[in-house]
Structures are given as C-alpha cells and as structure tokens.
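Chemist: Following is a predicted model, sequence given first.
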Amino acid sequence: MRVLVTGGAGYIGSHTVLALLERGDDVIVVDDFANSSPVALERVARLAGRSARLHRLDVADEDALDAVFATERPEAVIHFAGLKAVGESVADPLRYYAVNLGTTFALLAVMRRHDVRTLVFSSSATVYGEHQHAPYREGGGLLNATNPYGQTKVMIERILTDVAQADPRWRIALLRYFNPIGAHKSGLIGEDPRGVPNNLAPYIAQVAVGRLAEVGVFGDDYPTADGTGERDYIHVLDLADGHVAALEHLRAQTGVRAWNLGTGRATSVLALIAAFEKAVGRPIPHRMLPRREGDLAQAWADATRAEEELGWTAQRGIAEMAEDSWRWQSGNPQGYDADETHAEEARTA
Ligand code: UD1
C-alpha cells in the first residue's frame, strides 16, 4: 500500500514507518522536523534496507501538501504530526489549538480533494479525562480531557466522526495510545524529547545515562499498591504493529471507530524505576515529590476491542520495554543530536 505518514520522523512515527517499510509498503513521510530529527529517518532506512520518500513541510501548508498528494498519490494516511506537551499546552493553549486543529483541517481538505479517505489518527488515552475510571473502554461515554493538548485530541476525534458520518466513503481509525515507551531492538531509533522530558520513561533513562541528577516521583500517597501512580506502558513496537493492524482493518470497514492501544496492565512509578534499574544494572537515584497537578492515580486500558476487531494485542512486557529504552539511551546519550551535528559539519565542509 502507498501510505503517507505525517510526523513520520517522530518517536512513534519513525517506528511505524519502519514497520510499514518492513512489510513492503511504499511510504511517504511529511515532516517539518519541528520536534524531530531527519537522522531518525536515515536510521530507519538503514534498518529497513530501503527508504521512505521525505517531504520536508508543515502539514498546515495546504498548497505544499496538495502538491505532495498530486505527485505521490497516497492511498492511505497515518496522521502523527502535532504538538504533544501537556504543560506547554496549558501555558499557550492558542498555539496548541491552532497547530493541532490547523494541520488536521489542511490534511482533511487535501485528502478529500485527492479522493483519499483512509485515515489512521494518532489519538490518546488522555481523551478519557478524569470522570471515567480504569480500565478505560472505548464506548464509555463523553470524552473530555483536562488540558488543551488533550482537548485537541477530543476535538479532532469529534471532527473526524462528523466527517465520516457526512460521507460514508471515509474509513477512519482513532487510535488511543496509553503510555508509549521502549525503542527498536537495534538501539538506533528511540524517543528523543527536546529539553527536559515531561514523561516518566525518558526522564528515568536520562537520569540513568547521567544527563539528569535524579527522578522526582510525583506523589506517593495515591490509593495504589505502593502509593505511586499507575499507568499502562506499552512498547512502541507494539504500538507500531497496532497501526499496521488498523490500516489492514480499514480495507474492510468504512466509517469511524476508536480503539485503545494498551496492554491492559498497570505499572507503578516505582515499579518502572525498578525495571530500569534491572536493565541498567545499577540503582537509579529518585526522590519523592508532591503530586503533579492534573495527574490521575491510575490509568490503564481495556484492550479487548483491539484484540477482537483488529486481531492485535501487545506482546512485550515491562522488562523488555526498559531494556530496549536503555539500549537506545545508552547508545545515544544525547539522542540524535550528536549525529545531527556531524551531518551539519559534513554538509558545510
Ligand atoms: C502524560 C500526559 C498525557 C499524554 C501523555 C503522552 C499529563 C497529566 N498527562 O501522561 O496527556 O497523553 O503524557 O505521553 O501530563 N511521573 C513521575 N515523575 C516524572 C514524570 C512522571 O513520577 O518525572 C509519574 C506521573 O505522575 C505518572 C507517571 O509517572 O504517574 C507517568 O507520567 P507521564 O509519563 O508524564 O505520563 P502521563 O501523565 O500518564
């Protein structure tokens, strides 16, 4: 299949592009590298033995995107591009609404113009908000997130639902990710957040590699087994496979439907730190801090719908996630940066 992937150089995007290349798809990546590195795609090409075709542009640039569709003629789209930092979205909500909705509007307009109506959308478990309880089920009622980033996901799900209801030719998958961690087995691609990480796994990994001093554990007085927050961490390779399963499913199903991509299992902050300590082979300094505002005690998926309808289940456990995260982080202490500097020097030499 000829698949266009927006945000294909990002963390989940790059692993999904690799999975598509490995199964023989023709892949077109659209990315402006606002929050990702072209080095990720070079490494994906090395791993796959062939490359995706890259178009460096902002998805909100409708004319430029239109030209890509005209030449590349994709049959389906996976839409990852967007902003994703919760704290940043609280500080600058307008930017989050403008970028995440703007890119989606441009994409939908171009898709419709070129008669491409198969779309896999990168949503999030954040759409369940705080009024539903774990395990989250897809059909569980009104969606409502607690921050502007999450609200953009809720709004885009709504928009896509209306679009599919207005025109039955659309085939749309809304994939609600739980907490993606881990990296490719090669250690060549992985998560490379800009600045200090907001999320737990990259934070632990950067402490382990010596970039940060210690992990702050946000709250040890939650009503959970060890008092720390529990989440459904899912290996990014399982997530990538979930996208492939959704694309396949859309061949046979029109309309719009949401699927949770999670493992159905919860792991506490302390248990994740312990898994990393085992993978790294030494203690990881950490200390208790007050709760982070807006955090829930527990969040995990009921993943039965994806199993029944997509034939997909997460295969990899926490130990493997920590080992793979660590292989990536220890082999690339500064993420893709070192390679980028090198590439820049080579270009200007
Ligand atoms: C967060 C976002 C969520 C987003 C997801 C994307 C919030 C409130 N939620 O989910 O909207 O979709 O990232 O990946 O930001 N923790 C620590 N110390 C840290 C960092 C985190 O103890 O330095 C704890 C948190 O309290 C939580 C768990 O680790 O219990 C996981 O946190 P995180 O990785 O930030 O993910 P979520 O909060 O679940």
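Modeler: The structure has been received and is ready for your questions.
Chemist: what about the strands in the stretch 151-300 of the chain?
Modeler: Per DSSP state E, counting those that start in this stretch, the stretch 151-300 of the chain carries strands over the ranges 171-177, 179-181, 215-218, 230-231, 233-235, 255-261, 267-268, 286-289, 298-299.
Chemist: any chance of these in TSV, with mean pLDDT too?
Modeler: Formatted as TSV, the strands of the stretch 151-300 of the chain follow (pLDDT from 0 to 100):
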stretch	mean pLDDT
strand 171-177	98
strand 179-181	98
strand 215-218	98
strand 230-231	98
strand 233-235	98
strand 255-261	98
strand 267-268	98
strand 286-289	98
strand 298-299	96
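Chemist: Of all those, which one is nearest residue 129?
Modeler: Smallest distance to residue 129 across the strands of the stretch 151-300 of the chain (Cβ to Cβ): 10.5 Å, for strand 298-299. To be clear about C-beta, it is placed using only N, CA and C from the backbone, and glycine gets the same treatment.
Chemist: Relative to that closest one, what are the paired strands and their orientations?
Modeler: For strand 298-299, the paired strands and their directions (DSSP bridges) are strand 230-231 (parallel).
Chemist: is the ligand contacted by the strand it pairs with?
Modeler: Yes - applying Cβ under 6 Å from any ligand atom, one finds strand 230-231 in contact with the ligand at residue 231.
Chemist: Which residues does that strand contact?
Modeler: With contact meaning Cβ atoms under 8 Å, 6 or more residues apart in numbering, strand 230-231 is reached by 178, 179, 200, 222, 224, 266, 267, 268, 297, 298, 299, 300.
Chemist: about what we covered before: which of the strands of the stretch 151-300 of the chain sits closest to residue 34?
Modeler: Residue 34 lies closest to strand 179-181 among the strands of the stretch 151-300 of the chain, at 19.2 Å (Cβ to Cβ).
Chemist: Go through the strands of the stretch 151-300 of the chain and pick out the most buried.
Modeler: Using mean count of other Cβ atoms under 10 Å, the stretch among the strands of the stretch 151-300 of the chain with the greatest mean number of neighbours is strand 233-235 (a mean of 26).
Chemist: quick one on the thing from earlier: nearest to residue 330, of the contacts of strand 230-231?
Modeler: residue 200 (17.8 Å).
Chemist: who touches the closest one in this structure?
Modeler: Residue 200 makes contacts with 179, 215, 231, 269, 272, as judged by Cβ under 8 Å, 6+ apart.
Chemist: Please list all residues in contact with the second one.
Modeler: Meaning residue 215. Residue 215 makes contact with 200, 203, 204, 207, 273, 284, 285, 286, 287 under the criterion Cβ under 8 Å, 6+ apart.
Chemist: For it, which non-adjacent residue is spatially closest?
Modeler: Setting aside the residues directly before and after it, residue 215 is nearest to residue 286 in space (Cβ to Cβ, 6 or more residues apart in numbering), at 4.0 Å.
Chemist: how near is that neighbour to the ligand?
Modeler: 8 Å (Cβ to the nearest ligand atom, to the nearest Å).
Chemist: measure the closest residue to the ligand within the chain to residue 137 for me?
Modeler: Closest approach between the chain and the ligand, counting by Cβ to the nearest ligand atom: residue 229, at 2.4 Å. Taking Cβ to Cβ, to the nearest Å as the measure, residue 229 falls 21 Å from residue 137.
Chemist: So between the two, which is more surrounded?
Modeler: It is residue 229, of residue 229 and residue 137, that has more neighbours when counted by other Cβ atoms under 10 Å, with 25 against 15.
Chemist: Pretty sure that one sits against residue 297.
Modeler: Yes - using Cβ atoms under 8 Å, residue 229 makes contact with residue 297 at a distance of 6.1 Å.
Chemist: Now the common contact residues for the two.
Modeler: Contact criterion Cβ under 8 Å, 6+ apart; residues shared by residue 229 and residue 297: residue 222.
Chemist: Next secondary structure after the longest helix anywhere in the chain?
Modeler: Across the chain, the helix with the greatest residue count (assigned by DSSP state H) is helix 93-113. Later in the chain than helix 93-113, the nearest helix or strand by DSSP states H and E is strand 118-124.
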